[in-house]
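Q: starting from these lines, generate the structure:
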Amino acid sequence: MATMRTVRLGFIGCGRISAQHIKALANVPGAKIAALADVMPENIRLTKEVYPALADATEYADYREMLQSDIDGVLVLTPHALHYEHIHEALAAKKHVLTEKPFVTHPEQAREL
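A: Numbers count the residues shown, from 1 in each chain. Purely as a prediction, here's the structure:
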């Protein structure tokens, strides 16, 4: 019998929308939120306070450092004007990406990605 591999995920942005993703991922076998990145340390602190299961998630002030870690993919949960930059850098780091809508703010960005 094959064992299921754990998929290690990182959040880029720990604002309000992240709560919905945390709750949804709690029901996905083999998914682990392993890293949290936010420019506001308070957002990470509050996220861990509300969701104690994330206590061992590695914290990053700069998402670029997180992209260099051993995570498998990221969820881009930042304001939409930042999506292109975050998606572009995550893909360049060979990470899988799930993003909130809107995907990007300009059609040429979508075509490039």
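Q: next SSE downstream of the host helix or strand of residue 98?
A: In this assignment (DSSP states H and E), residue 98 forms part of strand 96-99. Toward the C-terminus, strand 96-99 is succeeded by helix 107-112 as the next helix or strand (DSSP H and E).
Q: how far does stretch 99-113 sit from its chain's centre?
A: 17 Å (C-alpha atoms, centre = their mean, to the nearest Å).
Q: and for it, what's in contact with it?
A: 17, 75-78, 80-81, 83-84, 86-88, 91 (C-beta atoms under 8 Å, 6 or more residues apart in numbering). (Glycine included, C-beta is placed from N, CA and C.)
Q: let's go with 7 Å and repeat that
A: Residues from elsewhere that reach stretch 99-113 (C-beta atoms under 7 Å, 6 or more residues apart in numbering): 17, 76, 77, 80, 81, 83, 84, 87, 88, 91.
Q: and those residues as JSON lines, adding secondary structure and distance to residue 7?
A: Shown next, in JSON lines, are the contacts of stretch 99-113 (DSSP: H, G, I helix; E, B strand; the rest coil; distance: C-beta to C-beta, whole Å):
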{"residue": "17", "secondary structure": "coil", "distance to residue 7": "20"}
{"residue": "76", "secondary structure": "strand", "distance to residue 7": "16"}
{"residue": "77", "secondary structure": "coil", "distance to residue 7": "17"}
{"residue": "80", "secondary structure": "helix", "distance to residue 7": "25"}
{"residue": "81", "secondary structure": "helix", "distance to residue 7": "28"}
{"residue": "83", "secondary structure": "helix", "distance to residue 7": "21"}
{"residue": "84", "secondary structure": "helix", "distance to residue 7": "24"}
{"residue": "87", "secondary structure": "helix", "distance to residue 7": "18"}
{"residue": "88", "secondary structure": "helix", "distance to residue 7": "22"}
{"residue": "91", "secondary structure": "helix", "distance to residue 7": "17"}
